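Trainee: Fold the following and give me the result.
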Amino acid sequence: MYKIGQKVVYPMHGAGEILSIEKQEVMGEEKEYYIISLEINDMQVMVPVGNADKLGLREVNNEAALQKAFGVLVEKSRDLSDNWNHRYRANMEKLKTGEIEEISEVIKDLYIRDCEKGLSAGEKKMLDNSVGILTSEISLANDIKPDEAKELIFSYLKQHQQE
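Mentor: Sure, this is the predicted structure:
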């Protein structure tokens, strides 16, 4: 069980801090919920305590995991499908895991594709959302401003353009 004040990541939504643990009645059933304030869009979400693991709620990563994520950002891109629909579905599956290395891989692949060939509107939105999710975790993990975290991500990504 997580504690009030703990920093967590909620897949597809990003990182935030647990503000409280409250009992709420939803659909006639009383359950405990984590009330999480997310970095992205100043949003609050309620996550059922009993389903937190199943929904992929996890602690913010430590420095070693962040370094692995940065390593993914500078790796060579894989050969991706030319079919945007296949790419989109594959990337969505990676994002749903909530794992930082998977999110970094989606960002890297979409960023490189955007630089080389451009992205569809849906993929551009996915890239922006993915960067926001990673930015929020880096920001909370390193206690830095989101703008600084975003600059850090793009500094790693730009290493591809210099090769």
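Trainee: Could you list the buried residues of the strand ranked longest in the chain?
Mentor: In the chain, taking DSSP state E as the definition, the longest strand is strand 14-26. Going by neighbour count (16 or more other CB atoms under 10 Å), the buried part of strand 14-26 is 14, 15, 16, 17, 18. C-beta coordinates here come from the backbone N, C-alpha and C atoms, glycine included.
Trainee: between the residues you listed, which is nearest residue 111?
Mentor: Using CB to CB, residue 14 is the member of the buried residues of strand 14-26 that lies nearest residue 111, at 18.1 Å.
Trainee: And the strands in this structure?
Mentor: With DSSP E as the criterion, the chain has strands spanning 7-10, 14-26, 29-38, 43-48, 58-59.
Trainee: Nearest approach to residue 116 belongs to which of these?
Mentor: Of the strands of the chain, the one closest to residue 116 (CB to CB) turns out to be strand 14-26, at 27.2 Å.
Trainee: Please save the CA atoms from that closest one in CSV.
Mentor: Provided in CSV are the C-alpha atoms of strand 14-26 (Å, rounded to 0.1, in the frame of the first residue of the first chain):
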residue,chain,number,x,y,z
GLY,A,14,2.1,10.4,-15.7
ALA,A,15,3.6,11.0,-12.3
GLY,A,16,2.1,12.6,-9.3
GLU,A,17,1.9,12.6,-5.5
ILE,A,18,-0.7,10.9,-3.3
LEU,A,19,-2.6,13.6,-1.6
SER,A,20,-4.9,11.4,0.5
ILE,A,21,-6.5,8.0,0.9
GLU,A,22,-10.2,8.3,1.1
LYS,A,23,-13.3,6.1,1.4
GLN,A,24,-15.7,6.9,-1.4
GLU,A,25,-19.0,5.4,-2.4
VAL,A,26,-19.1,4.6,-6.1
